[in-house]
Structure formats: C-alpha cells, structure tokens
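Chemist: Okay, sequence plus prediction incoming.
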Amino acid sequence: MGKNVMVGQSGGPTSVINSSLAGVYEASRARGAEHVYGMLHGVEGLLQGKYVDLSQKFKTGLEIELLKRTPSSYLGSCRYKLPDWREDEEPYKKLMALLEELDVGYLMYIGGNDSMDTIGKLADYGEHVCSDIRFMGVPKTIDNDLMITDHTPGYGSAAKYISVVMKEIIRDATVYGSKYVTIVEIMGRNAGWLTAAAALARGEDCEGVDMICLPEVPFHVDRFIEKVRVMQEKKPSIVIAVSEGVKLEDGRYVCELSDDPRRVDAFGHKNLTGTARYLAGQVERHLDTKTRSIELSTLQRCASHLTSRTDITEAYQVGGAAAQAAFHGHTGEMVALRRVSNKPYQCVTELHPISEVANLEKKVPLDWVNENFTDMLPAFLNYARPLIQAELTPIYIEGQPYHIYCPEA
C-alpha cells in the first residue's frame, strides 16, 4: 500500500473546513506519510490532474495555525457529481491511475451530503477493482443535515454568526418604534437548522426574533401575512427569520413565486435566493407597514471573526480521526460526532458506513418547534448552545485578519 495521502475539499465552504484539512495533514504526517497531496477544486480538479504537495506548503506550526483560522476552502472546491461507475468507468480509471502514480494509499474527502456520495462511489469502485487505497469521508456543512453525526463541523460557527447578527438586526430594527417588518433570509434548502439558530439570539439583553419559518413546515403565504398583522397589533416593529428553502404544500419553494430565473447545479439543486425579498413585498402590499429584506447569503458561511472554538476544535478532530482510521485500514466510512453529555459538553468521534449518510438528510425534529411552528423550544436551545461556545479570534495584522491561501487554487 502506498504511503502518501490525497485530501480534497468539496461543496460550500465554511469557516472551519480548513481546520479539518489541518487535522488530516498533521495526523497523516504523524503516521509517516511522506507526501500529503491536496486536490485543487476537489475531485473535478483532480480529474484534470490538478493537485499540490501540501508537504511543501506547510513548513511551520504557524502556517498550520493560520490554516485553522482561515475561512473557506484552502484547496478550492467544486460541485461535481461522479457518474455511477457501472455506467461510466472512465473517470474512475483516470483517478485510480493518478493515485497509483502518486503512490497514494489513503484518500480523504472533506464535505457534506454530495461529497459523501462522491467518497462512497470511490470506495465502492475501489472495492470493485480490489484496490488497496482507503477512502474516508470527513463531515462538513453549515446546513447540519448529515445523518448519524450529532452535528457537523461548520454548523456551530454559522449558528454563532446568525445568532449574533440577529441580535444586532433586532437592535437596529426596533430603534424608531414605528411599524416595521424586517425579514432575514437564512440558508437552508430542506433542513432548517441554520434558521433555527436565530432563536439563540434571545436572552436577558434581547427579546429575540418574533417568528421563525423552517422548511420542515409547509408554508402558507396568506397565513404568514395574517400572523404578521396580528403581531403588529401588539408590537409595531418585528423581526422574522425565514429559511431560503421554505416550501408551499405543493412542494414549490416560496422563492419560485417570484419572477427570478432559477439556476441548477450539478446535483440538480435550484438556486433559492429571494425568499425574504418576495415575502417582504407581499407584506408591504397587504399591510400598512414598511418592510426590509436582508439576505445573509454567503456571509454566514465563512465568518472567521465569529468562529466557535468548539467548532474549530471538532473540525480538527474529525480530520485527524479520518486519517487515523484510514491508516488503520478503514475505508468507505465517515467520521461522526457522538454527544456524550451536555453538562459538561463532550463529544467523541466514531465511524459509520457512508451508506448511512450519503444522499440522506437530517431534518429539524418538529417536537423541537412550538405548537404554532414559529419558535424553537428549549430542547433545540440545549442542543445548539454548546456548539457556539468560546471564540478563536483570527490573527490580526494592521487591523485586518491574516489568512493563508493557496495561489494555485
């Protein structure tokens, strides 16, 4: 078996995905890997022969520390869907030939749901051709929708960002005391974990958001407007957190009611922006009130200035655990986090077959939502609050956070 390692990053970036890369790198080097190669732009870039030798990139501990504190994907990313090898074997042959040429014995892929689909297909093909290469999945997604794992690295920091920003929006939106509806659009295609995090803004110093709308609950535009009307009778200025993926009972996304064209990615996912803008327009049209729509968009993914220390630490741990498992002969599995306790908070890593994760989605339990489906219950707060604890601030130079980046990516 080859002694070298290949690692890639795929899907949407996060503020801690590079911490997982650091975990893979350091664990692999500690176990004797002479070279740790990084795919440039994921498996799509590797198919084009694009990679770098990370062993030549990271020479000091400071560079690794900078990597852990740098947001987004150091190696670049992709949204590339590998075909079924039974229908098209050529991409697999090309990848295996390159891995053999580089004497790679272990391949780690850091990503979310679609990335686990990729690593599952590679492991399956590796078994088909009796390859000795070990393929391991490293979880990553701000959406927190991977099955099996208690939560995903990336979610805690995004949740922290959302809760902080919502507190600031609430302070801003309520300053005039006049009728005002602010609708904040938060990422989340089919699972509302990020939108639910808006509930964390409530505390002794903040009244919290007035309504939370999750994609798990069928959405009715008319009922939404009526809820806003009733709320404004008691409180003129209200703030609402809405998932970009809220859907009507017929399955259409609310944002599809607007006239904006919808692009589709390689996995068939529609672009969902515009939900808050559409709803704000409907509220203003039907009620005598000013409105504002805010799209957090990509800001919530890579806010390294609000990274959760818990999140960045666990991201590093799952990367290291994946490398360790691969070196011990595991393949076709993903590292998951299992919560041992809440007080004190403690999670451990464990392994699960990719088949238990790929192409499946973990939704927000509806028994964590109040009976009106407008707010989160203590069960969710107890689940999410430990994930946003503590901070790991960037290294600042001349007032700006200092990042490390790969010029080739």
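Modeler: Structure received.
Chemist: Now do the helices in the stretch 51-200 of the chain.
Modeler: 61-69, 90-101, 113-128, 155-173, 193-196 (DSSP state H, counting those that start in this stretch).
Chemist: who does I240 bridge with?
Modeler: According to DSSP bridges, the partner residues bridging I240 are I183, M211.
Chemist: how many neighbours does it have?
Modeler: I240 has 25 neighbours, counted by other CB atoms under 10 Å. Bear in mind the C-beta positions are built from the backbone N, C-alpha and C, glycine included.
Chemist: mind listing what it touches?
Modeler: For I240, the contact set (CB atoms under 8 Å, 6 or more residues apart in numbering) comprises V181, T182, I183, V184, V209, D210, M211, I212, C213, V228.
Chemist: My read is that the third one contacts K290, right?
Modeler: No - taking CB atoms under 8 Å as the contact criterion, I183 and K290 are not neighbours in contact, 11.8 Å apart.
Chemist: what pLDDT does S258 get?
Modeler: In this model, S258 is scored at 83, pLDDT.
Chemist: Return the distance of it relative to I238.
Modeler: To I238, S258 is 22 Å away according to CB to CB, to the nearest Å.
Chemist: More neighbours: these two, which one.
Modeler: Remark: of S258 and I238, I238 carries more neighbours, 23 against 16, as counted by other CB under 10 Å.
Chemist: if I pick the more buried one, what's in contact with it?
Modeler: Contact analysis of I238 by CB under 8 Å, 6+ apart lists Y180, V181, T182, D210, M211, V228, M231, Q232.
Chemist: Figure out the helix or strand that it lives in.
Modeler: Using DSSP states H and E, I238 falls within strand 237-243.
Chemist: which is the next helix or strand following that strand?
Modeler: Helices and strands here follow DSSP H and E; after strand 237-243, the next one along the chain is helix 275-286.
Chemist: what about dumping the CA coordinates of that next one to PDB?
Modeler: C-alpha atoms of helix 275-286 as PDB (Å, rounded to 0.1, in the frame of the first residue of the first chain):
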ATOM      1  CA  THR A 275     -37.400  34.300  -0.400                       C
ATOM      2  CA  ALA A 276     -37.200  37.200   2.100                       C
ATOM      3  CA  ARG A 277     -37.400  39.800  -0.800                       C
ATOM      4  CA  TYR A 278     -40.600  38.200  -2.100                       C
ATOM      5  CA  LEU A 279     -42.200  37.900   1.400                       C
ATOM      6  CA  ALA A 280     -41.300  41.500   2.300                       C
ATOM      7  CA  GLY A 281     -43.000  42.600  -0.900                       C
ATOM      8  CA  GLN A 282     -46.200  40.700  -0.100                       C
ATOM      9  CA  VAL A 283     -46.300  42.000   3.500                       C
ATOM     10  CA  GLU A 284     -45.900  45.600   2.300                       C
ATOM     11  CA  ARG A 285     -48.500  45.100  -0.400                       C
ATOM     12  CA  HIS A 286     -51.200  43.800   2.100                       C
END
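Chemist: Mind checking the pLDDT average for it?
Modeler: If you average the pLDDT over helix 275-286, you get 97.
Chemist: Same question for stretch 128-147.
Modeler: Averaged over stretch 128-147, pLDDT sits at 98.
Chemist: So which bits of it are buried?
Modeler: Buried residues in stretch 128-147, counted by 16 or more other CB atoms under 10 Å: 131, 133-147.
Chemist: can you tell me the distance between the two ends of that stretch?
Modeler: 26 Å (CA to CA, to the nearest Å).
Chemist: before we move on, the earlier item: closest to Y405 out of the helices of the stretch 51-200 of the chain?
Modeler: Among these, helix 61-69 comes nearest to Y405, with 9.7 Å by CB to CB.
Chemist: which secondary structure elements does the closest one contact?
Modeler: Under the contact definition 3 or more CB pairs under 8 Å, 6 or more residues apart in numbering; DSSP states H and E, helix 61-69 sits against helix 17-30, helix 309-327.
Chemist: which of the residues in it are buried?
Modeler: Quick answer for helix 61-69 (16+ other CB under 10 Å): I64, L66, L67, K68, R69.
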